[in-house]
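Colleague: how does the following fold in three dimensions:
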Amino acid sequence: MTVPEFDPTAKPGYIYEMMADHLEARIEAGELRPNTPLPAERRLATEYGVSLGTARHATQILRERGLVFTIRSKGTFIADEARRRANRGDL
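Modeller: Just a heads-up that it's a prediction; the model follows:
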């Protein structure tokens, strides 16, 4: 599966939600692999051409969706399928 380029001008809406959707598509496509670190928020901000606050908000949305988890002082990691199911309550 190929993930289309990030284009925040393609439709109206909040850029942080579009960024979270794009990162989710990258996770689902296997571009960002389970149990590997999500790039740092500062790096994501640079990569997507957005502010650090926007990147932080997008990361928070991914956390709320159960797609990533954060370990204090270690970083944010892509959740594996078992963790995603547990977050959804599909046990």
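Colleague: tell me where the protein has strands.
Modeller: All strands of the chain, identified by DSSP state E, fall at 68-71, 75-78.
Colleague: highest mean neighbour count out of those strands?
Modeller: The highest mean neighbour count among the strands of the chain, using mean count of other CB atoms under 10 Å, belongs to strand 75-78: a mean of 18. In this view, the C-beta of every residue, glycine as well, is placed from N, C-alpha and C.
Colleague: if I look at the spatially most central residue of the chain, how far off is residue 89?
Modeller: What sits nearest the mean C-alpha location of the chain, by CA atoms, centre = their mean, is residue 23, with 4.1 Å. Distance of residue 23 to residue 89, computed by CB to CB, to the nearest Å: 23 Å.
Colleague: what does residue 41 give?
Modeller: Using CB to CB, residue 41 is found at 28 Å from residue 89.
Colleague: give me the more crowded residue out of those two.
Modeller: It is residue 41, of residue 41 and residue 89, that has more neighbours when counted by other CB atoms under 10 Å, with 19 against 7.
Colleague: pull the number of nearby residues for the residue nearest to the more buried one when sequence neighbours are not counted.
Modeller: Leaving aside its chain neighbours, residue 41 sits nearest to residue 55 (4.5 Å; criterion: CB to CB, 6 or more residues apart in numbering). For residue 55, the tally of surrounding residues (other CB under 10 Å) stands at 25.
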